[in-house]
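>>> need coordinates for the below:
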Amino acid sequence: MASSARSLNARRSLATLSVLAVSASSLALVAPAAHAADPVDITLLNINDFHGRIDADTVKFATTVEQVRAQAGEDNTLLLSAGDNIGASLFASSLAQDQPTIEVLNALELATTAVGNHEFDRGFADLTGRVADAADFTHLGANVYEQGTETPALQQYDVFEVAGVSVGVIGVVTEETPALVTPTGIADLTFGDPVEAVNRVAAELSDGDESNGEADVLVAEFHEGAGAGTPDGATLEEEIAAGGAFAAIVEDTSPEVDAIFTGHTHKEYAWTAPVPGTDRTRPIVQTGSYGANIGRIELSVDPETGEVTAHEATNVARVAAEDLTLPRVAEVKRIVDAALARAAEVGNEPVAEITADITTAFANGVRDDRASESTLGGLVANALWEGMSGITEVDLGITNPGGLRADLLFAGDTSANPANADGVVTFAEANAVLPFSNTVATVDLTGAELDEVLEQQWQRNPDGTVPSRPYLQLGLSENVRVTTDPAREEGDRVTSIRIDGKLVEPSATYTVSTLSFLAAGGDNFRAFTQGDMTDTGLLDAELWRDYLSAQSPITPDYARQQVVVSGDAVAGRSGALDVANLDLTSLGSPANTTLSVSWTKGTETGDAGEVPVVDGAARVPLDLPVRAAGGTLTLVAQPSGTTVEVAIARAPKTAARLTVSATPRKAFATRTRVLVKVKVATAGRPAAGTVKVRAGGRGYDVKLNARGQGKVRIAPFRNAGTRQVKVVYTGDELTKRATRTVKVQVARRR
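Purely as a prediction, here's the structure:
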């Protein structure tokens, strides 16, 4: 623990807390003052959402902390965190289960931290065991309770003596944590209202009863925050007006709390907020993320009353150069260098083999065409789908093109690594494909919401404008087939979605495995946020490497999952489909040359021939039999194997023109046999179906010839008068029923 801040209750029972608080106060180093009433200046330094950033910037981050600490004075400074120190980390940290990050924070003498949701990524037992044992700082979670009780499952607060003033720090985590981590890891926990928990503990620390802990100054560490910050153009007033968790933090946190640090939303702000029910204000700060800034709150405290008389809040940007003359920085440098060296060593190890290049889409010889499907995008989506087997059940995998930052190339390079022969994929090469340390998230979407996700490939910014990349092609797992028609109206361009060969139902629920970036609505795929999201805590790169290893050797799949189709497949009516985007543009992708056409309905199949493919497009003439209605038209492009499935519709029935004549129109009762002639004209095809004639109480069937004509001579009418001959064409699957009536004048026999 830092020499300037002695923990009064870390790993101690509350029964001994009051005694230690008094003794520690007498031992603390206090800044010189002219007399007892002079205010004491305390500097609170804070980080949030560091997420294991062990890289070239880590030592600069440490330098920033130490330079600010030196400016404020060792004995007047306390370093804190609002959580998510670990989890979703860079390779050099995640490789060692974030031990390098914990060691860096130990070296910087972090005093205490609120738990973030990512502290629970590997489960509660891992947090309270391995992580807590490795850390020299305490983990606070006042709103984390044993399942179904109000019994705290974690330490709720810690108290430190800084320049003779006792500073109490209360830590809480977002109440949404159960939706952000794997449920099994926190099955024995309940996450309560963070503001309520802070207020409850703040009341205990300021009630004058030393048996439950006391502090002069109270700091709340919320792993929860505003939805937008200063760089986004947001103001405190706007964020309060937006409501939600942040508004509650500002407006409902107890007046006993003197300063508030926040996190979780990765936003940057240093605001002065009104204290509810008073005429005072207090600072509320978040640093952004990844150690880009150090939050600094300076408090002037009356040492006799413990009252804060002034405050100032800022975010200090990470410095551009490291300073190894600072002892703690030098120690951080040693830790970081060792972690990076180990990462490089592991990075040379082979994890899989490929038989050919697996890349992003290319355009004009340049990789990373984000408007096109790719072999790499499909493989990553497969990893998100099949790689979750045994972890949780998912229906499909989806990835975004911008997350694919490197290709898997068949050609090796043994100059620096003898193991990196042709076809070998090393640990580092696999990791370079997905370098952002996203976690894998599952999102439960209805079929209608999934359709909206795919519609958002045609991009719109939140303000409705079209971004510089107007179209982003999602990578889909191989069990998904999508047809689109870009010529249709925006929002209606996805014409079909099939998962495992079955059409998606709008009201059914489908579990999508994707990256946390997409699940949060990244890249303007905001429809993801309409679903129920669970963050598994599993790093995408870790899942990816394991999948590559399990599937090795891997051959690229050149089949597309999404194809452009215009026109309709209609049974019983001639027509055509235009099919485009059959070819991939990834390295090594073949140009398709043929498209076979067949149909299936139940157990019956039919071969509809083959058409040529030119530049990834084909025109498919169709003349499907009536019995194919309700079935599926299947198009298979070769040699890629791209498969397109289209529902076969039933042609709407057309009207028949029924012509009827009766000869003679004047007849004698019981004597004259009238000849009835019929003609049925249909839409450009021979008439089918039956014609029935009814006259004089008798019925007759008329057989039609190839021209749709027929005749029948009816029996004589028995009685004189005006008699009717009713003719009915019954219709068929394509033609409507038609009826005509003619009259015959029947006279008595002379």
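>>> residue contacts, residue 396?
If you count contacts by Cβ atoms under 8 Å, 6 or more residues apart in numbering, residue 396 has them with 381, 385, 476-477, 479-480, 499, 510, 512-513. Quick note: C-beta positions are derived from backbone N, CA and C, even for glycine.
>>> among the residues you listed, name the ones in strands.
Here DSSP state E is the test, and those give 476, 480, 499, 510, 512-513 as lying in strands.
>>> skip the chain neighbours and tell me the closest residue to the residue nearest the centre of the chain.
Centroid-nearest residue in the chain: residue 519, 1.7 Å away (criterion: Cα atoms, centre = their mean). The shortest distance from residue 519 to any non-neighbouring residue, by Cβ to Cβ, 6 or more residues apart in numbering, is to residue 441 (3.8 Å).
>>> now swap in residue 490 and tell me
residue 458 (6.2 Å).
>>> look at that neighbour and say how many residues are nearby.
By other Cβ atoms under 10 Å, the residues close to residue 458 number 17.
>>> where's it relative to residue 251, distance?
Counting by Cβ to Cβ, to the nearest Å, the separation of residue 458 from residue 251 is 40 Å.
>>> what of residue 681?
Per Cβ to Cβ, residue 681 is found 78 Å from residue 251.
>>> what of residue 510?
Counting by Cβ to Cβ - residue 510 and residue 251 are separated by 39 Å.
>>> between those two, which one's more packed in?
residue 510 (20 against 14).
>>> I'd say that one and residue 503 touch.
No. Taking contacts as Cβ atoms under 8 Å, residue 510 lies outside contact range of residue 503: 11.9 Å.
>>> show me where the stretch 1-150 of the chain has helices.
With DSSP state H, counting those that start in this stretch as the criterion, the stretch 1-150 of the chain has helices at 17-27, 58-72, 91-94, 99-107, 124-126, 132-134.
>>> what helices or strands is the last one leaning on?
Of the remaining helices and strands, those touching helix 132-134 by 3 or more Cβ pairs under 8 Å, 6 or more residues apart in numbering; DSSP states H and E are helix 99-107.
>>> low-confidence regions, the stretch 101-250 of the chain specifically.
Counting by pLDDT under 70, the stretch 101-250 of the chain contains low-confidence ranges at 179.
>>> swap the cut-off to 90 and go again
For the stretch 101-250 of the chain, applying pLDDT under 90 flags the ranges 121-122, 176-185, 187, 207-213, 227-229, 231-232, 244.
>>> and what about the closest residue in space to residue 616 that isn't next to it in sequence, helix, strand or coil?
Take residue 616 and drop its neighbours on the chain: the residue closest to it by Cβ to Cβ, 6+ apart is residue 583, 3.7 Å away. Three-state assignment for residue 583 (DSSP: H, G, I helix; E, B strand; the rest coil): coil.
>>> residues contacting residue 583?
560, 589-592, 615-616, 640, 642.
>>> out of these, grab the one that's most surrounded.
Counting by other Cβ under 10 Å, top hit in the contacts of residue 583: residue 560 with 29 neighbours.
>>> and the residue lying closest to it once chain neighbours are set aside, what pLDDT?
Take residue 560 and drop its neighbours on the chain: the residue closest to it by Cβ to Cβ, 6+ apart is residue 642, 4.6 Å away. The confidence metric pLDDT takes the value 98 at residue 642.
>>> hang on, residue 642 packs against residue 557?
No. Using Cβ under 8 Å, residue 642 makes no contact with residue 557, being 9.9 Å away.
>>> against residue 530, how distant is residue 521?
Where residue 530 is concerned, residue 521 sits at a distance of 9 Å (Cβ to Cβ).
>>> lowest-confidence helix or strand of this protein?
helix 17-27 (a mean of 28; mean pLDDT, DSSP states H and E).
>>> neighbours of residue 178, how many?
17.
>>> count of neighbours near residue 349?
Quick note: residue 349 (other Cβ under 10 Å) scores 13 neighbours.
>>> secondary structure class of residue 679, three-state.
Per three-state DSSP, residue 679 ends up strand.
>>> what's across from it in the sheet?
residue 659, residue 709 (DSSP bridges).
>>> what residues are up against it?
So residue 679 contacts 658-659, 707-709 (Cβ under 8 Å, 6+ apart).
>>> can you tell me which of these are buried?
658, 708-709 (16 or more other Cβ atoms under 10 Å).
>>> in TSV: the residues you listed, plus distance to residue 416 and pLDDT.
Putting those into TSV (distance: Cβ to Cβ, whole Å; pLDDT from 0 to 100) gives the following:
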residue	distance to residue 416	pLDDT
658	85	93
708	81	90
709	86	92
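>>> which one of the ones in strands among the contacts of residue 396 sits in the busiest neighbourhood?
residue 513 (28 neighbours).
>>> let me see the confidence value for that residue.
For residue 513, the predicted pLDDT is 98.
>>> OK, contacts around it?
384-385, 387-388, 394, 396-398, 440-442 are the contacts of residue 513 under Cβ under 8 Å, 6+ apart.
>>> taking those one by one, which sit in helices?
Residues of these located in helices (DSSP state H): 384-385.
>>> inside strands: which ones of the contacts of residue 513?
396-398, 440-442.
>>> if any of those residues are buried, give me the PyMOL selection for them.
To isolate in PyMOL the members of the ones in strands among the contacts of residue 513 that are buried, counting by 16+ other Cβ under 10 Å, one can use:
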select buried, resi 396+397+398+440+441+442
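>>> on the three-state scheme, residue 220 is what?
From three-state DSSP, the assignment for residue 220 is strand.
>>> pretty sure it is touching residue 167, no?
No. Applying Cβ under 8 Å as the test, residue 220 and residue 167 come out as separate, 11.8 Å apart.
>>> comparing these two, which residue is more hemmed in?
Of the pair residue 220 and residue 167, residue 220 is the one with more neighbours under other Cβ under 10 Å, namely 32 against 27.
>>> partners of that one in the sheet?
Under DSSP bridges, the beta-bridge partners of residue 220 are residue 170, residue 260.
>>> so who does it touch?
170, 172, 198, 202, 253, 257, 259-261.
>>> nearest to residue 553, of the contacts of residue 679?
Set against residue 553, the nearest of these by Cβ to Cβ is residue 708 (63.7 Å).
>>> correct me, but that closest one touches residue 681?
Yes. In this structure, residue 708 is within contact of residue 681 by Cβ under 8 Å, at 6.2 Å.
>>> overlap in contacts, the two.
Contact criterion Cβ under 8 Å, 6+ apart; residues shared by residue 708 and residue 681: residue 687.
>>> so residue 464 belongs to a helix, correct?
No. Using three-state DSSP, the secondary structure at residue 464 is coil, not a helix.
>>> list the buried residues of stretch 266-279.
By 16+ other Cβ under 10 Å, the buried positions in stretch 266-279 come out as 266-271, 273, 275.
>>> so can I have a markdown table of the residues you listed showing distance to residue 534, secondary structure and pLDDT?
Listed next are the buried residues of stretch 266-279 as a markdown table, based on distance: Cβ to Cβ, whole Å; DSSP: H, G, I helix; E, B strand; the rest coil; pLDDT from 0 to 100:
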| residue | distance to residue 534 | secondary structure | pLDDT |
| --- | --- | --- | --- |
| 266 | 19 | coil | 90 |
| 267 | 23 | coil | 93 |
| 268 | 27 | strand | 96 |
| 269 | 28 | strand | 97 |
| 270 | 33 | strand | 98 |
| 271 | 32 | strand | 98 |
| 273 | 32 | strand | 98 |
| 275 | 37 | coil | 97 |
